[in-house]
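A.B. asks: Structure here, sequence nowhere to be found:
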């Protein structure tokens with residue numbers, strides 16, 4: 001596969017990482033039709049999506065734009081679903097704890113406000 005165009009490099013990196021077009025599109029929050037347009041050089045991704053592509057595909061941003069060195073790294077596999085699920089669970093646990101702290105803080109603020117109000121009387 002030649003990688004002379006941005007689209008060809010995106011496709012090469014996607015295939016190297018083992019993503020289907022649908023899987024990568026989901027990771028980037030775009031449609032698979034949009035990704036196909038990028039890969040066939042019918043349109044170009046915006047800067048923010050180029051940055052996301054670089055990260056998700058494990059490539060150097062300069063390589064995506066210009067080619068040369070920094071292409072897909074075979075030794076950097078995509079995160080496994082188990083790892084992603086574990087991180088989601090960690091975030092959910094942190095969110096639950098944060099919500100509990102916010103409720104505690106609201107109670108503390110209400111108590112302090114009542115004390116201030118009683119001093120004003």
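C.D. replies: Nice, thanks for sending it over. Since the structure is predicted, the reported quantities are computational estimates derived from the model, not experimental observations.
A.B. asks: Please count neighbours and contacts with C-alpha atoms only from this point.
C.D. replies: OK.
A.B. asks: got a list of what the closest residue to residue 21 other than its chain neighbours touches?
C.D. replies: Nearest non-adjacent residue to residue 21, counting by Cα to Cα, 6 or more residues apart in numbering: residue 32, 6.0 Å away. Residue 32 makes contact with 21, 22, 24, 25, 26, according to Cα atoms under 8 Å, 6 or more residues apart in numbering.
A.B. asks: pretty sure the third one is in contact with residue 15, am I right?
C.D. replies: Spelled out, that is residue 24. No - judged on Cα atoms under 8 Å, residue 24 makes no contact with residue 15 at a distance of 10.0 Å.
A.B. asks: related to what we said a few turns ago, with residue 61 as the reference, measure out to the residue nearest to residue 21.
C.D. replies: Distance of residue 32 to residue 61, computed by Cα to Cα, to the nearest Å: 21 Å.
A.B. asks: care to break this structure down by domain?
C.D. replies: Using automatic domain parsing, the domains assigned to the chain come out as 6-66, 79-121.
A.B. asks: Let me know the average pLDDT across the first one.
C.D. replies: Mean per-residue pLDDT for domain 6-66: 91.
A.B. asks: Endpoints of that domain, how far apart?
C.D. replies: So domain 6-66: terminal residues 7 Å apart, Cα to Cα.
A.B. asks: now it, how far from the chain's geometric center?
C.D. replies: Remark: domain 6-66 is offset 13 Å from the chain centroid, using Cα atoms, centre = their mean, to the nearest Å.
A.B. asks: same deal with the last one?
C.D. replies: Offset of domain 79-121 from its chain centre (Cα atoms, centre = their mean): 25 Å.
A.B. asks: So residue 90: helix, strand or coil?
C.D. replies: helix (DSSP: H, G, I helix; E, B strand; the rest coil).
A.B. asks: for residue 113, that is, sorry about that
C.D. replies: Relying on three-state DSSP, one would call residue 113 helix.
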